[in-house]
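Student: Next input, structure requested:
(one chain, ligands or ions: 2)
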Amino acid sequence: TLNPKDVIISIDRPKILLLKKHIDYLAKYGTDQDDYEYNMTEYLRMSGIYWSLTAMELMGASDRMPKDDIISFISTCQNKESGGISACFPHDPHILYTLSAIQVLTMYNRLDAIDVEGVVKFVASLQQPDGSFYGDIWGEQDTRFTFCAVMCLSLLHRLDAINVDKAVEFVLSCMNFDGGFGSKPGSESHAGLIYCCVGTLSICKRLDALKVDALAWWLCERQLPSGGLNGRPEKLPDLCYSWWVISSLKILNKMRWVDKERLEQFIMACQDPDTGGFSDRPGDITDPFHTLFGVAGLSLLGNSKIKPVNPVYCMPQETIDRLKLKPQML
Ligand SMILES: COc1ccc(S(=O)(=O)N2Cc3cc(C#N)ccc3N(Cc3cncn3C)C[C@H]2Cc2ccccc2)cc1
Ligand SMILES: [Zn+2]
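Tutor: Ligands and ions are numbered 1, 2, ... in the order given. Predicted coordinates:
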């Protein structure tokens, strides 16, 4: 049931974490090659593997994933000429899927399965004179891709391959008067892009450049009476936006500015007790994308049944520690 700008959570929605249901949901997802949705999402297959594996790692159930099949799938997706990685053979390589592949292989500690130098060359080749990054050879510019490039190269300890100062300069050129960020200079502030820009500045150790109080104020204003958070003013709450907002607030050390109990109630209500998984809002269809952000969000809120997640990389903290990466936190 909706009121114009929020959802009303009915009392029969789940209130506790249905961990086993989510583990079984993700373990089953993608095993049925004839499944319509599975085939329709071939274009994002690599990201789907990252979403599922990361959620399973956080739930302590990554042994339920087909590790060897995943690793050999990834090596078939690397383009020999460009070094880039695609979502699925024979699609074009793209920075989004190159990042997802590197995130999966670092969680598995199996970077030997691909040509790392080729990945570094592909990512560096996408940087533009203004410091921004294209997503692929077709030239779409978006601050999301700067974040993908910086995150991907930092996981490989190869930030030396790009001009970090110019990348930071481009991100800062997208800062708005409200302290937020959009996809390009002058674009409206949006929670997903704020997360990308704050994450980029954290990895580049430039959080000093933020208007912290203005930005944290804009972020905590995203929370609605239902406890959920939206991506922009006047929008409905959505579980994935809840992740973008609270991970940004965690990096800024301002988590206390949101009502954690109400947010946890919203996240729990997004679970589906029959199919397993989390959806964007209570009662909708679940998917691996929102299941990751439900599990990661509960981890950030301190749920002891879920392993700690790093708010910048959206990966298990133990992986970030093993890589000796220290993204800046305020
Ligand atoms: C509705 O079918 C869709 C629609 C789009 C996409 S998408 O372009 O690949 N993508 C990733 C995504 C994955 C899944 C899953 N499994 C579900 C949704 C979803 N959205 C759409 C969405 C999320 N919240 C509400 N909406 C409508 C975000 C989008 C963009 C995005 C990509 C990477 C990282 C962050 C954001 C995939 C499926
Ligand atoms: Zn969503």
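Student: Relative to residue 246, how far out is the residue of the chain found nearest ligand 2?
Tutor: Residue nearest to ligand 2 within the chain: residue 240 (3.3 Å; CB to the ion). Placement of C-beta: from N, CA and C, glycine included. According to CB to CB, to the nearest Å, residue 240 and residue 246 sit 11 Å apart.
Student: Counting neighbours, go ahead and name the busier of these two.
Tutor: The neighbour comparison of residue 240 against residue 246 (other CB atoms under 10 Å) goes to residue 246, with 29 against 21.
Student: Mind jotting down where the helices sit in this protein?
Tutor: Remark: helices assigned in the chain by DSSP state H are 19-28, 36-40, 45-58, 67-77, 95-108, 116-125, 143-155, 164-172, 191-203, 212-220, 239-251, 260-269, 288-300, 317-322.
Student: just checking, residue 268 touches residue 22?
Tutor: No: counting by CB atoms under 8 Å, residue 268 does not reach residue 22; the two are 11.8 Å apart.
Student: between the two, who's got more neighbours?
Tutor: More neighbours surround residue 22 than the other of residue 268 and residue 22, with 24 against 21 (other CB under 10 Å).
Student: pLDDT score assigned to the nearest residue to residue 109 once chain neighbours are set aside?
Tutor: Nearest-residue entry for residue 109: residue 322, 7.4 Å, with adjacent residues in sequence omitted and distances by CB to CB, 6 or more residues apart in numbering. According to the prediction, residue 322 has pLDDT 98.
Student: ok, now residue 3?
Tutor: So residue 3 comes in at 61 (pLDDT).
Student: Quick check: residues of this protein near ligand 1?
Tutor: Contact residues, the chain versus ligand 1 (CB under 6 Å from any ligand atom): 44, 238, 240, 280, 287-289.
Student: Least confident of these?
Tutor: Among these, residue 44 has the weakest pLDDT, 88.
Student: What is the neighbour count of it?
Tutor: For residue 44, using other CB under 10 Å, the count is 20.
Student: Same check on residue 30?
Tutor: 18.
Student: Which pLDDT value goes with it?
Tutor: 77.
Student: Quick check: residues of this protein near ligand 2?
Tutor: Contacts of the chain with ligand 2, taken as CB under 5 Å from the ion, map to 238, 240, 280.
Student: Quick check, the second one in contact with residue 281.
Tutor: Spelled out, that is residue 240. No: applying CB under 8 Å as the test, residue 240 and residue 281 come out as separate, 10.4 Å apart.
Student: Tabulate the helices of the chain (TSV), appending distance to residue 181.
Tutor: Shown next, in TSV, are the helices of the chain (distance: least, CB to CB, whole Å):
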stretch	distance to residue 181
helix 19-28	31
helix 36-40	31
helix 45-58	22
helix 67-77	30
helix 95-108	18
helix 116-125	21
helix 143-155	6
helix 164-172	7
helix 191-203	4
helix 212-220	9
helix 239-251	10
helix 260-269	22
helix 288-300	19
helix 317-322	23
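Student: Which of those helices comes out lowest on mean pLDDT?
Tutor: helix 36-40 (a mean of 83).
Student: which strands and helices sit next to that one?
Tutor: Contacting helix 36-40 under the criterion 3 or more CB pairs under 8 Å, 6 or more residues apart in numbering; DSSP states H and E is no other helix or strand.
Student: contact partners of it?
Tutor: 29-30, 32-33 (CB atoms under 8 Å, 6 or more residues apart in numbering).
Student: now do stretch 98-110
Tutor: 46-47, 49-50, 53-54, 57, 62, 67, 70-71, 74, 77-78, 84-85, 87, 111, 113-114, 119, 122-123, 148, 151-152, 155-156, 313, 315-316, 319, 322-323.
Student: List buried members of those residues by neighbour count.
Tutor: Burial by neighbour count, 16 or more other CB atoms under 10 Å: within these this picks out 46-47, 49-50, 53-54, 57, 62, 70-71, 74, 77-78, 84-85, 87, 113-114, 119, 122-123, 148, 151-152, 155-156, 313, 315-316, 319, 323.
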